[in-house]
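1. Got a predicted model here, sequence first, then my questions.
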Amino acid sequence: RTVISPATAMVSRWPSREKISSLALRNLLRGVQQGLPSGQAVARAMGLDPLSDKDLRIGKATCEDMDENRAITAYGDSFNGNTPLWTYVLAEAQAHWVADVKAMNAPDAIRDAHPSLLGPVGGRLVAETIIALMMEDETSLLRAGRGWQPAYQDKGVFTMRELLKAAGRA
């Protein structure tokens, strides 16, 4: 006998990804279909304390909206300690942005211009993905070995200028 989880049953009623125009919904659907762990589970696996549900807020990262954005659990009890990974990464970035701008003594226009950066979970996922891709690339600098030196050095000096020249940008 086959047991179907509630998440699988829910996904089976959704239209195919090709018919879903919302990127957010497509990412959430893909996460369920792939069996991705929650953002909190990933944070714990990384040895980090996950953000509390009340700090995982959904909405725009703007001064006007930051106090109005609702916690993830306002959208359903199933999100208690179980935020989808994609949503967790976005809400984590917003939580860090909110903490930064609340500490700023500046007009809203200046605070709204403050960059929103990935938090610890999102940043590490991106960094580890890039490193893994570079490790798979046989021409990558990470696979070149300790003694590697660029062949296009000018006078024994390798600076950003030389790198840009090699990339055809200078």
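-> Thanks, I have it.

2. drop to CA atoms for contacts and neighbour counts, all remaining ones
-> Fine.

3. Give the next helix or strand downstream of the lowest-mean-pLDDT helix or strand in the chain.
-> Ranked by mean pLDDT, DSSP states H and E, the weakest helix or strand in the chain is helix 6-12, scoring a mean of 52. Counting by DSSP states H and E, the next helix or strand C-terminal to helix 6-12 is helix 23-34.

4. same for that following helix, what does it pack against?
-> Other helices and strands packing on helix 23-34, by 3 or more C-alpha pairs under 8 Å, 6 or more residues apart in numbering; DSSP states H and E, are helix 6-12, helix 85-102.

5. tell me the angle the helix or strand that contains Met135 makes with helix 85-102.
-> Following DSSP H and E, one finds Met135 within helix 120-136. Orientation check (axes from the mean of the first three to the mean of the last three C-alpha atoms, to 10 degrees): helix 120-136 against helix 85-102 gives 120 degrees.

6. ok, and what's touching helix 120-136?
-> With contacts defined as C-alpha atoms under 8 Å, 6 or more residues apart in numbering, helix 120-136 is touched by 39, 42-43, 46, 89-90, 92-93, 140-143.

7. Which single one of those is nearest to Lys60?
-> Nearest to Lys60 among the contacts of helix 120-136 is Leu90, at 10.2 Å by C-alpha to C-alpha.

8. how near is the residue most central in space within the chain to Asn105?
-> Centroid check for the chain by C-alpha atoms, centre = their mean gives Gly122 as the closest residue, at 3.5 Å. Per C-alpha to C-alpha, to the nearest Å, Gly122 is found 27 Å from Asn105.

9. roughly how far apart are Thr139 and Ala71?
-> Distance, Thr139 to Ala71, using C-alpha to C-alpha: 45 Å.

10. I misspoke; the intended subject was Glu64.
-> For Glu64, the distance to Ala71 (C-alpha to C-alpha) stands at 16 Å.

11. go on, Pro84?
-> Applying C-alpha to C-alpha, the value for Pro84 to Ala71 is 13 Å.

12. more crowded one of the two?
-> Each of Pro84 and Ala71 has its neighbours counted (other C-alpha atoms under 10 Å); Pro84 has more, 21 against 18.

13. Any stretches of this structure with poor pLDDT?
-> The model of the chain has pLDDT under 70 over residues 1-18, 150-155, 170.

14. who does the nearest residue to Lys54 once chain neighbours are set aside bridge with?
-> Of all residues not flanking Lys54 in the chain, Ala71 sits nearest, at 5.1 Å (C-alpha to C-alpha, 6 or more residues apart in numbering). For Ala71, the beta-bridge partners are Arg57 (DSSP bridges).

15. so who does Ala71 touch?
-> Ala71 sits in contact with 53-58, where contact means C-alpha under 8 Å, 6+ apart.
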